[in-house]
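> Fold the following and give me the result.
(chains A and B)
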Amino acid sequence: MLALIFLTNAPAGWLDLISIVDASIVVKNQQDLGTAGSISCSIRSAITSIVSVVYATVLTNGLKTKIPEMVPPVLVKAGLPISSIPAMINALGIRTPEAYSSVPGISPEIIDLGLVAYKEAYVSSFRLVYLVGIAFGALGLLTAFFTPNTDHLLNAKVAATLHNDKTRIDEEKTEPRVSERGLETGKFGSPSSPGPEVSG
Amino acid sequence: MEDQKQHSHKAAEYEHQVEAEDSVTEVTGFVTDADQLTWKYFVSKNFIGTYMAQALGFSSAIAAFAYIAPVLSNINEDLGPSPSYVWISYVYNTCFAVAYPLIGVLSDLFGRRYFMIGGCLLSAIGAVTCSRAQNIPTVIGGNVLMGIGSTTQYCYSFVLGELVPVRYRFITSVSLNLWSIPSGIFAPVIARSFLLTAASWRGIYYYLAALNALVTILWVLFYFPPNFQQKHGSDRKMYWIKHFDYGGSFLFISGIVVFLFGLSAGGSVYPWKSAPVILMIVLGFMTLIATGIWEVLTESKESILPPRIFRNVPWLAASVVQGLSGGTYYAGAIVIPLQVSLLYNNGNNTYMGIITAMPAWGQFAGAVLGGCLATRIPNHRLQNIVCFMICTIAVGCKWETPC
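Residues are numbered from 1 along each chain as shown, chains lettered A, B, ... in the order given. Take a look at the predicted model:
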């Protein structure tokens, strides 16, 4: 069980980390890094919140149908009066001796049989959740075929540097400015009509 | 004439970029190379100060959610009880979804310094508000501030990523994850130990307020990334403020908020089939589609969701797999605690604790291992594929034998 949990989550953590960084590396214009990086985070949190809502809904709906379907027949067969069934299902949710003793017509055998049926109802709901998990995994597998290979991009280039104070700006002027090299090599021209000193 | 030439040159370059869609062969927009930066740059007080600010900021952003989640019911008993207390955790997703794109595009345009400082300050104010709260709505309000503030601190992938050479971005992310151990993996233990102190859950907010105040000071003292003048030269700020994509922002924010509220309310506050839930999800979704159309029609440098970013298929795939890898985590996060209390409840608390903590540890171990080996093992696409295969097969085994 522990190994299975580890085998599910370790690869997930692995691909999660390299994909976060790869998503920042393949941004074609690194001056867009903030925009692309944050939209990437946004997509990630939108998908995880949808996925967790789906799981929670599948689980509650599963329990809502499986418990009434699987538990009462066993209880009735074991000899519990039909009128005690709602109280017994409540007691199975709490699982303390006090809870069981408040159910009319209870016996140790009924508790044992009821508990097994109750656990089976839960297990079959868990299976529904994992079934949906397989579907999401398969979807991920499909998407993974479109993920980037970044080997050739893993260089020593730096997208931004820190500056001690504002006086450093004057030194920078010998180099072309970021906006000329980066942002404006794309589709769009300069927004403010460029004067001679800007374009020069 | 000159202008036309320049224009056609730009258009050709753009087409070239679009052609190269499926395989990103060329990346532009770097300012320097590591060869030109001496090692002194990476041990300068600004670099180390910025690193510490981001590390502690990231840690406190995780703690803001992870320390509070285990004590939510205690807060509710103390100040309520009010059925609306669940919104204390619901607001986070909404804050993230709204704040991420805004922070990204605005800090690209105007410089990141004041966004990081402001975000952290907002978190500190939120924590103080919550620590003095006398009712649940105040705690929810404080958490909205902290949710928006936390978003800025979660942006390490580009805030710190852009400052280091590309090949070191992996190891930088791994090292930041190590800083998050106390606020991530040990959160339930630490949060419950706060309950034993005289301050109870308010102690968590005192701690968060102090930590965020410290991080704010670190950002102020050491973080000097490219500012507006360095990005745009002599351009007037007013021009950029006036031409910001307000229409797109409005559509996106209203769409995503309504959509996520519908999703959160469905099955809990209202049943799924009720009118408010269906209406919110449908309206929200349609507004998001309208946002997409708007963005395509009005694409500019200041678009909040620029289509040029979405045309980058490898980028889109890398973003989507992150979300889906979270998908495998949440299946366990929801089911495993129930499995433990119902099926493995043998009275051995250590054993039960280990199983409950296993998904988080597995995720963490995988991230550290993957990040450290990312530059040594080539072919990340194949790594992603293999990871998803193992993951899906393991989930399949759990489906086959859930006990």
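> going forward, measure contacts and count neighbours with C-alpha atoms only.
OK.
> Okay, strands next: where are they in chain B?
Along chain B, counting by DSSP state E, strands occupy B:32-33.
> Now do the residue positioned nearest the centre of it, the pLDDT please.
For chain B, residue B:154 is the residue whose C-alpha lies nearest the centre (CA atoms, centre = their mean; 4.6 Å). Looking at residue B:154, its pLDDT reads 90.
> Just give me the neighbour total for the nearest residue to it once chain neighbours are set aside.
Closest residue in space to residue B:154, ignoring its immediate chain neighbours: residue B:58 at 5.7 Å, by CA to CA, 6 or more residues apart in numbering or on different chains. By other CA atoms under 10 Å in any protein chain shown, 25 other residues sit near residue B:58.
> wait, what's in contact with residue B:58?
By CA atoms under 8 Å, 6 or more residues apart in numbering or on different chains, the contact list for residue B:58 reads B:150, B:153-154, B:156, B:176, B:180.
> Over to residue A:74?
Per CA under 8 Å, 6+ apart, neighbours of residue A:74: A:113-114, A:117.
> out of those, which is most surrounded?
Of those, with other CA under 10 Å as the count, residue A:114 tops at 24 neighbours.
> ok, the contacts of residue A:74 vs chain B, which is closest?
residue A:117 (12.2 Å; CA to the nearest CA).
> element containing that closest one?
In the assignment (DSSP states H and E), residue A:117 maps to helix A:108-144.
> Could you list every helix and strand in contact with that helix?
Helices and strands touching helix A:108-144, by 3 or more CA pairs under 8 Å, 6 or more residues apart in numbering or on different chains; DSSP states H and E, are helix A:33-78, helix A:85-94, helix B:313-342, helix B:380-400.
> measure residue B:186 to chain A for me?
17 Å (CA to the nearest CA, to the nearest Å).
> got the contact list for stretch B:364-382?
In contact with stretch B:364-382 (CA under 8 Å, 6+ apart) are residues A:9-18, A:144-151, A:154, B:167, B:170-171, B:173-174, B:177.
> With adjacent residues omitted, what lies nearest to the residue nearest in space to the middle of chain A?
What sits nearest the mean C-alpha location of chain A, by CA atoms, centre = their mean, is residue A:48, with 3.3 Å. Nearest non-adjacent residue to residue A:48, counting by CA to CA, 6+ apart: residue B:323, 5.3 Å away.
> Would whatever helix or strand comes next after the helix holding residue A:117 count as contacting chain B?
Where DSSP H and E defines the elements, the next helix or strand beyond helix A:108-144 is strand A:157-158. Yes: applying CA under 8 Å from any CA of the partner chain, one finds strand A:157-158 touching chain B at A:157-158.
> Within the sheet, what are the partner strands of strand A:157-158, with directions?
Sheet partners assigned to strand A:157-158 using DSSP bridges are listed as strand B:32-33 (antiparallel).
> Report the distance from the helix holding residue A:117 to the chain centre.
Here helix A:108-144 is found 19 Å from its chain centre; the criterion is CA atoms, centre = their mean, to the nearest Å.
> ditto for stretch B:76-91
23 Å.
> Endpoint to endpoint, it covers what distance?
16 Å (CA to CA, to the nearest Å).
> now swap in stretch B:188-206 and tell me
End-to-end distance (CA to CA), stretch B:188-206: 17 Å.
> Next, the buried residues of that stretch.
For stretch B:188-206, the neighbour count (16 or more other CA atoms under 10 Å in any protein chain shown) marks B:188, B:190-192, B:194-195, B:200-206 as buried.
> Just the residues contacting that stretch, thanks.
B:66-68, B:70-71, B:74-75, B:127-128, B:130-132.
> mean confidence for it?
86.
> residues contacting the closest residue to residue B:270 other than its chain neighbours?
Spatial nearest neighbour of residue B:270, chain neighbours left out: residue B:277 (6.9 Å); criterion: CA to CA, 6+ apart. Residues near residue B:277 by CA under 8 Å, 6+ apart: B:262-263, B:265-266, B:270-271.
> Mind pulling the model confidence for residue B:277?
90.
> Break chain B into its domains for me.
According to automatic domain parsing, chain B comprises the domains B:38-229, B:242-311, B:312-400.
> tell me how far the ends of the first one are from each other?
End-to-end distance for domain B:38-229, by CA to CA: 25 Å.
> cool, the last one as well?
Across its full length, domain B:312-400 reaches 38 Å end to end, with CA to CA as the criterion.
> can you give me the mean pLDDT across that domain?
Mean predicted confidence for domain B:312-400 is 85.
> Stretch A:148-161 too?
The pLDDT scores in stretch A:148-161 average 83.
> Please apply the same query to stretch B:216-234.
For stretch B:216-234, the per-residue pLDDT averages 87.
> Now that stretch: buried residues?
Within stretch B:216-234, the residues scored as buried using 16+ other CA under 10 Å are B:216, B:218-220, B:222-233.
> just those that are near chain A?
Applying CA under 8 Å from any CA to the buried residues of stretch B:216-234, those adjacent to chain A are B:223-226, B:230-233.
> Greatest separation within those: which pair is it?
Spatial extent of these (CA to CA) is set by the pair B:223 and B:233 at 20.1 Å.
> hey, which of the helices and strands packed on helix A:108-144 is tucked in deepest?
helix B:313-342 (a mean of 23; mean count of other CA atoms under 10 Å in any protein chain shown).
> quick one: that helix to helix A:33-78, angle?
On the basis of axes from the mean of the first three to the mean of the last three CA atoms, to 10 degrees, helix B:313-342 is oriented at 30 degrees to helix A:33-78.
> Now do helix B:313-342: which elements does it pack against?
On a contact count with 3+ CA pairs under 8 Å, 6+ apart, helix B:313-342 meets helix A:2-25, helix A:33-78, helix A:108-144, helix B:349-373, helix B:380-400.
> ok, 7 Å please
helix A:2-25, helix A:33-78, helix A:108-144, helix B:349-373 (3 or more CA pairs under 7 Å, 6 or more residues apart in numbering or on different chains; DSSP states H and E).
> Tell me which of those helices lies nearest to residue B:108.
That would be helix A:33-78 among the helices and strands packed on helix B:313-342, by CA to CA, at 5.5 Å.
> So for the closest one, mean pLDDT?
pLDDT averaged over helix A:33-78 gives 88.
> Likewise for stretch B:245-261?
pLDDT averaged over stretch B:245-261 gives 90.
> Report how many residues lie close to the nearest residue to residue B:57 once chain neighbours are set aside.
Excluding the flanking residues, the one nearest residue B:57 by CA to CA, 6+ apart is residue B:153, at 5.4 Å. Residues near residue B:153, counting by other CA under 10 Å, number 26.
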